[in-house]
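S.K.: one predicted model, sequence on top.
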Amino acid sequence: MILSWGLFFVILVGIIYFLLILGFYLGVKKIPEFIADNPLFQTNFSILIPFRDEASNLPVLLDSIAQLDYPNNQFEVVFVNDDSSDNSVQLVQHFEKEHHNLNIKILENQRYSNSPKKDAITTAIKQSKFDWILTTDADCILPKKWLQIYDAYVSENNPKFIAGLVSFQNKKGFLYQFQQLDWMSLVGVTIGSFVWKNPMLCSGANLAYCKQAFIKVDGFKDNDQIASGDDVFLLQKMQKAFPKQVSLLNSKEAIVQTKSESTWQALYQQRIRWAAKTSKIPNSFITFTGILVVLTNLLLLSFLFASPFIENASFSLGIFFIIKLLIDRLLVVTVATILNQKINFLSWFMGSLFYPFFSVSVAFISLFSSYKWKGRKFLK
């Protein structure tokens, strides 16, 4: 009787997981690609870039800023130094001198909360010139037509908040491939949730919003005790205040590239940080999705360790894993097309075998552990 109820529970979880991922997949398939036919140059932008000890990453970002195809008098770049101990500030200063035709500001972060990045963004917004805010990170590469595409989208759709897409810079090795596949799953959830009018995720590496809307929702108030989440917490507040003016920009010419983590330890710290903030996002569907994903992977591990002791456990494990594999691949392949990235089949398969161990361990560690971010330690 216990085994019967257990089998029923496993089947139920599997069906719900399949339907959930199928829903995200259908959402990804449904989203149209935004194409800007002609440059409009109607919107002025303030690009905000917090940084802390990013000397190794800034040169590539700075070069991409110099390549932006947009009138120089219609955008500014506001860098916010968050107590860097390397020569990051000097690099930005040197760039400013070499590109005196660009409007560049370098500010010092004004700390007042438990979130250095949210403080940095708030500091920059207070001194920004223009009403449209664009945020990105210091380890990113901006596409040449980034501002053109956002300008066209703002002009045509009258939004208050726009989530842009982010992909990883190409690298070799299983660590990169694993992160790429995991990230594409998250992008699939992001796109699908926007299409079904319940946006769950976005990335501060490619984000735009109206300054007046930011002020109206009181910025990061009520979540600035949480170190990270400058993107998703603001998304939830904007969605509540402007449900018809929050949108996702699907344009290959506006995809920002970011760096993957270089070590497994750094990846674990990043994912623990993400898990810690996710549990505090005021969206029950996010909580449900997170629990379901962890539970699905926990069941896979349970099958694996129980297979020597329970009859037919190996068969059930195989069926469960294959079904999960197929629906996950359906979502990831579709997202890869949107992000214009290629999937290595062997890395994808090996990553799928490793992912249950990774996701379950991150979930449990995040329940009890603090995490490190930019050289600082934060409590859960």
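M.R.: Thanks, I have the structure now. Numbering: from 1, shown residues only.
S.K.: and the spatially most central residue of the chain, which of the three is it?
M.R.: Nearest to the mean C-alpha position of the chain, counting by C-alpha atoms, centre = their mean, stands S203 at 3.4 Å. The three-state label for S203, taken from DSSP: H, G, I helix; E, B strand; the rest coil, comes out as coil.
S.K.: check contacts around it.
M.R.: By C-beta atoms under 8 Å, 6 or more residues apart in numbering, the contact set of S203 is A163, G164, V166, T190, D231, T258. All C-beta atoms are positioned from the backbone trio N, CA, C, and that covers glycine.
S.K.: got those as TSV, with pLDDT and distance to P199 columns?
M.R.: Output for the contacts of S203, formatted as TSV (pLDDT from 0 to 100; distance: C-beta to C-beta, whole Å):
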residue	pLDDT	distance to P199
A163	98	7
G164	97	13
V166	97	15
T190	96	8
D231	92	11
T258	96	20
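S.K.: of these, closest to L58?
M.R.: Closest approach to L58 among the contacts of S203 (C-beta to C-beta): T258, at 13.6 Å.
S.K.: okay, now the unreliable bits of the stretch 1-150 of the chain?
M.R.: 1-7 (pLDDT under 70).
S.K.: which parts of it are helices?
M.R.: Counting by DSSP state H, counting those that start in this stretch, the stretch 1-150 of the chain has helices at residues 2-30, 58-66, 88-98, 116-126, 146-157.
S.K.: identify each buried residue in the first one, please.
M.R.: Residues of helix 2-30 classed as buried by neighbour count (16 or more other C-beta atoms under 10 Å): V10, V13, G14, Y17, F18, L20, I21, G23, F24, Y25, G27, V28.
S.K.: tell me the contacts of the fifth one?
M.R.: Contacts of F18 were listed using C-beta under 8 Å, 6+ apart, and they are I323, K324, I327.
S.K.: so can I have JSON lines of the residues you listed showing secondary structure?
M.R.: Shown next, in JSON lines, are the contacts of F18 (three-state DSSP):
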{"residue": "I323", "secondary structure": "helix"}
{"residue": "K324", "secondary structure": "helix"}
{"residue": "I327", "secondary structure": "helix"}
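S.K.: highest neighbour count among those residues?
M.R.: Using other C-beta atoms under 10 Å as the neighbour criterion, K324 leads the contacts of F18 with 21 neighbours.
S.K.: read off the pLDDT value for that residue.
M.R.: pLDDT, K324: 89.
S.K.: I'd assumed V293 was in contact with it.
M.R.: No - look at K324 against V293 with C-beta atoms under 8 Å: they stay out of range, at 10.3 Å.
S.K.: find the residues that touch each one of the two.
M.R.: Common neighbours of K324 and V293 (C-beta under 8 Å, 6+ apart) are Y17.
S.K.: where do the strands sit along the stretch 101-250 of the chain?
M.R.: 103-108, 132-135, 140-141, 161-163, 166-168, 207-210, 246-248 (DSSP state E, counting those that start in this stretch).
S.K.: so which of those is nearest W264?
M.R.: strand 166-168 (15.8 Å).
S.K.: strands paired with that closest one, and their directions?
M.R.: When sheet partners are counted by DSSP bridges, strand 166-168 sits next to strand 256-258 (parallel).
S.K.: tabulate the CA atom coordinates of the next helix or strand after the strand it pairs with in PDB.
M.R.: Note on strand 256-258: by DSSP states H and E, the next helix or strand toward the C-terminus is helix 264-278. Only the C-alpha atoms of helix 264-278 are listed here, as PDB (Å, rounded to 0.1, in the frame of the first residue of the first chain):
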ATOM      1  CA  TRP A 264      32.700  25.200  -9.500                       C
ATOM      2  CA  GLN A 265      33.000  26.900  -6.100                       C
ATOM      3  CA  ALA A 266      32.100  30.300  -7.600                       C
ATOM      4  CA  LEU A 267      29.100  28.700  -9.400                       C
ATOM      5  CA  TYR A 268      27.900  27.200  -6.200                       C
ATOM      6  CA  GLN A 269      28.200  30.500  -4.400                       C
ATOM      7  CA  GLN A 270      26.200  32.200  -7.200                       C
ATOM      8  CA  ARG A 271      23.400  29.600  -7.200                       C
ATOM      9  CA  ILE A 272      23.200  29.600  -3.400                       C
ATOM     10  CA  ARG A 273      22.800  33.400  -3.600                       C
ATOM     11  CA  TRP A 274      20.100  33.000  -6.200                       C
ATOM     12  CA  ALA A 275      18.300  30.400  -4.200                       C
ATOM     13  CA  ALA A 276      18.400  32.600  -1.100                       C
ATOM     14  CA  LYS A 277      16.700  35.500  -2.800                       C
ATOM     15  CA  THR A 278      14.200  33.400  -4.700                       C
END
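S.K.: mind listing residues that contact helix 264-278?
M.R.: With C-beta under 8 Å, 6+ apart, helix 264-278 has contacts from 175, 179, 226-229, 232-233, 261, 286-287, 290, 358, 361-363, 365-366, 369, 371-373, 378, 380.
S.K.: got it, and stretch 334-354?
M.R.: 25, 28-29, 33, 165, 167-168, 174, 177-178, 180-182, 184-185, 187-188, 191, 250, 252, 255, 325, 328-329, 332-333.
S.K.: run the last query once more with 7 Å
M.R.: The contact list for stretch 334-354 (C-beta atoms under 7 Å, 6 or more residues apart in numbering) reads 25, 28-29, 165, 167, 174, 177-178, 180-181, 184, 187-188, 250, 252, 255, 325, 328, 332-333.
S.K.: okay, and which of those residues map to helices?
M.R.: When DSSP state H is applied, the contacts of stretch 334-354 are split such that 25, 28-29, 174, 177-178, 180-181, 184, 187-188, 325, 328, 332-333 fall in helices.
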